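Engineer: The following block contains a protein sequence and its predicted model.
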Amino acid sequence: MTNTLDILELLHGYYQSSREIQLLNTYRGMPIANPAQVLSVSDQNVLVSVHQNQAVCLEPQRRTYINLDLPLTIKAVVCAGNVDTRIYNLTDINIAENEIGNREIIRVNPKIPLPVVLTKKGSSNRKIIAELIDLSVVGIGVYGLSISLAEIQGFGAGSKVNVRLILPENGQERMASQELEVAGSVVNIIPRHQEERIRLGIKITPDAETRSTITSYVSKRQVEIISEIRMLYQTLIQLSRK
């Protein structure tokens, strides 16, 4: 399968057999995946009926990913839709180049910015002050604060680092917090020129106790995020009916 026509033909098969597809987006860093029903397939478009949680993602993001029980992920653009009926028209359907559809580890964004300190192993005076973007039991994303790309070169891909971060207890950012320290290695560095920030992706190897703490935090944030999505859906419905 290499082109849009092949994908549309496959989706038409789902329509004819009334089989559901799965749509995937992310919200606050967390994957939101739900079944969707194919209502029609035309030369360039696919009309789908979606879950309310997916509708909350489709409204602002205007894009989604489609899983079809294949070893690849398909991307699509939302060209029209209605949050009240939860029916959306997808177009520009192609094979996705990234691996979002293959994420098996849940990651979440913190509710408010949380501080992170990266120290290069073997060089205690080489530090980066950063802000946590997302967190899972196997990795973190951070924004380096007030640093240039030249200053960050010593933390290139493959660099071994110690990661020190503070996580709130009970999932509540303004309650008592606990400090964690974990070994990691830099996976990638991505300059965000428009935001004048630099993003670092770091693979971490927590011990059992730290892994348990991170798992607990991620689980609590999942509950908060799903609750937020449900509340936002009700708000969108009210706005659409005015």
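Structural biologist: On my side now, so go ahead.
Engineer: For the rest of this, base every contact and every neighbour count on C-alpha atoms.
Structural biologist: Fine.
Engineer: and the longest strand seen in the chain, what's its mean pLDDT?
Structural biologist: Assignment by DSSP state E gives strand 177-192 as the longest strand of the chain. Averaging pLDDT along strand 177-192 yields 90.
Engineer: Repeat that for stretch 199-209.
Structural biologist: 94.
Engineer: swap in stretch 16-29?
Structural biologist: 95.
Engineer: on contacts alone, who are the packing partners of the longest strand of the chain?
Structural biologist: strand 160-168, strand 197-204 (3 or more Cα pairs under 8 Å, 6 or more residues apart in numbering; DSSP states H and E).
Engineer: Let me know which of these is the nearest to residue 39.
Structural biologist: strand 197-204 (39.1 Å; Cα to Cα).
Engineer: Alpha carbons of the closest one, in PDB - could you do that?
Structural biologist: Output of strand 197-204 as PDB, limited to C-alpha atoms (Å, rounded to 0.1, in the frame of the first residue of the first chain):
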ATOM      1  CA  ARG A 197      13.600  27.100  22.900                       C
ATOM      2  CA  ILE A 198      15.400  23.800  22.500                       C
ATOM      3  CA  ARG A 199      13.600  20.500  23.100                       C
ATOM      4  CA  LEU A 200      15.500  17.500  24.300                       C
ATOM      5  CA  GLY A 201      14.200  13.900  24.300                       C
ATOM      6  CA  ILE A 202      15.700  11.700  27.000                       C
ATOM      7  CA  LYS A 203      15.400   8.000  27.500                       C
ATOM      8  CA  ILE A 204      15.400   7.100  31.200                       C
END
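Engineer: now for that strand, which elements pack on it?
Structural biologist: Partner elements for strand 197-204 (3+ Cα pairs under 8 Å, 6+ apart): strand 139-144, strand 177-192.
Engineer: Make CSV from these and add mean neighbour count and distance to residue 64 to it.
Structural biologist: What follows is those, written out as CSV (neighbours: other Cα atoms under 10 Å; distance: least, Cα to Cα, whole Å):
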stretch, mean neighbour count, distance to residue 64
strand 139-144, 22, 22
strand 177-192, 16, 23
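Engineer: would you turn the ones you listed into a markdown table with distance to residue 226?
Structural biologist: Listed next are the helices and strands packed on strand 197-204 as a markdown table, based on distance: least, Cα to Cα, whole Å:
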| stretch | distance to residue 226 |
| --- | --- |
| strand 139-144 | 21 |
| strand 177-192 | 23 |
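Engineer: Next, residue 14: secondary structure please.
Structural biologist: Under DSSP: H, G, I helix; E, B strand; the rest coil, the three-state class of residue 14 is helix.
Engineer: my guess is residue 118 meets residue 164, correct?
Structural biologist: Yes: between residue 118 and residue 164 a contact is recorded at 6.5 Å, counting by Cα atoms under 8 Å.
Engineer: which of those two has more neighbours?
Structural biologist: A side-by-side neighbour count of residue 118 and residue 164, using other Cα atoms under 10 Å, places residue 118 first with 25 against 17.
Engineer: Which helix or which strand is home to the more buried one?
Structural biologist: Per DSSP states H and E: residue 118 is located in strand 115-120.
Engineer: Also residue 237?
Structural biologist: Residue 237 belongs to helix 208-240, assigned by DSSP H and E.
Engineer: name the helices or strands packed onto that helix?
Structural biologist: Under the contact rule (3+ Cα pairs under 8 Å, 6+ apart), helix 208-240 is packed against helix 52-61.
Engineer: average model confidence for the helix it packs on?
Structural biologist: 97.
Engineer: distance of the closest residue to residue 183 other than its chain neighbours from residue 75?
Structural biologist: In space, and not counting its chain neighbours, residue 183 is closest to residue 162: 4.7 Å by Cα to Cα, 6 or more residues apart in numbering. Distance of residue 162 to residue 75, given as Cα to Cα, to the nearest Å: 36 Å.
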